[in-house]
Every structure is written in C-alpha cells, then in structure tokens.
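# give the three-dimensional model of this entry:
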Amino acid sequence: MTRDIRICFIGDSFVQGVGDPEHRGWVGRVLEATAGDLTAFNLGIRRNTSDDIRRRCWQEVLPRLVGADNRLVVSFGSNDTLEENGAVRVDPGRSLENLTSILDECGRQAVTALVVGPPPVIDAGEAHLRRTVKLADEMTALCRSRHVPFIATTMELASDPTWRREALAGDGAHPGIGGYRRLADIVLTGQWRDWIAQTHH
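Residues are numbered from 1 along each chain as shown. Predicted coordinates for the structure are as follows:
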C-alpha cells in the first residue's frame, strides 16, 4: 500500500529555483530522487521574507491538503538578513517568531514539517553571511526544541566552488544547474529520507 504524501514547499527564490535553466531547482531534484507516491507543490516566491511567507502560508497550503499524509517544507532567511536602506529586512527575533508560528500551526493542522536552512547570497558580502549563519544556528535550536528536522545549508554552500562560481556568473545570488544539484544533495543526505519514511501519526 503506497502512502499518498502531499508536500508543500514554501519559501523564497531558492525554493522557486530561480536561475536554473532546467527549471527544477533543488526541489525538483530532491523529488526526482525520492521514491513513493508524492504530490508536490512549489510555493516559492522571489524576494519573500519570513514575514511574507508567514502571511501567505496557510492560505496557500490548506487548499492543497487532503485527508492524506500532509507535509510542509519551509525554507527562508536569506532575504530576511539582507540590508536595505541601512537596516536588515526582518529582525532576527521576528524571523524566529515567524518560524515558530508556522511550526505551531503545523502541529494544529497535523502537518509534518521539515525546515531547510537559508542558502548564502554570495554577492551580499561577509556581514550578510555572518547574519545568515547566526540566524540558521538559531533556527536549528528552535527546530531541535520542537523535534522538527532542520537541514543546514549556509556554510556548506558558502564554501562550495560550484555554488559560488555559478552565483557570481549569474545575478550574484542564484546558482545554475550545478549549484542546485549541490543543494539537493545536501537535503538528500540530510534528514530528508528519514523524514519521508516517517509514518504520519
């Protein structure tokens, strides 16, 4: 008996797969490598912060859920930590509040959650990377306290030559095929397979 698993992926341009000429991004590649009966929805929107994602999350996710094994993959943070007009777009405390709110609602809706950490924005500089790493560490602790799997990506991609090269050859932020393949590998070797195998209760 195959389980009918429905997965919504909500997040920013990295979730959407911006920059990938094959239009698969990491989400498409992870799904491709995952066995089983999956129905997936990519709800990534470019430039979205955690404020934007929290605001639209359940309006978009709930209509896509059925009486099945419902899952939600959340990934944000890279836009939150960008500086605009001398201030970060979203205060780190609020980023964590937004994640808490989404995870709490997952509990109420019986939706099994997984969080993928924010990828680095290569041309945004060292200060942005430091802020993103710090936010990712705080997200890790938050997820651990709630027994939600968290897959860290920031440092691994920041030092990955393919990710860096493709991002700089593109718009400075988004990689091409190789970078998204690398991010998909990080997710697949993270807690993805255990999370998919987990039975819904």
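
# what's the per-residue pLDDT of Ala68 here?
Here, the pLDDT recorded for Ala68 equals 82.

# what is the neighbour count of it?
13 (other CB atoms under 10 Å). Placement of C-beta: from N, CA and C, glycine included.

# just checking, what packs against the helix or strand encompassing Val133?
Of the helices and strands defined by DSSP states H and E, Val133 is found in helix 125-145. On a contact count with 3 or more CB pairs under 8 Å, 6 or more residues apart in numbering; DSSP states H and E, helix 125-145 meets helix 92-109, strand 150-151, helix 154-158.

# who touches it?
77-78, 80-83, 88, 92, 95-96, 99-100, 103, 115, 117-118, 120-121, 149-150, 152-155, 158 (CB atoms under 8 Å, 6 or more residues apart in numbering).

# to Trp195, which of the helices and strands packed on helix 125-145 lies closest?
strand 150-151 (9.2 Å; CB to CB).

# can you list the strands that that closest one pairs with?
Strands adjacent to strand 150-151 in the sheet, as given by DSSP bridges, are strand 112-116 (parallel).

# circling back: report the buried residues of the helix holding Val133.
By neighbour count on 16 or more other CB atoms under 10 Å, the buried set for helix 125-145 is 128-129, 131-133, 135-136, 138-139, 142-143.

# centre of the chain to it, how far?
Its chain's average C-alpha position is 13 Å from that of helix 125-145, according to CA atoms, centre = their mean, to the nearest Å.
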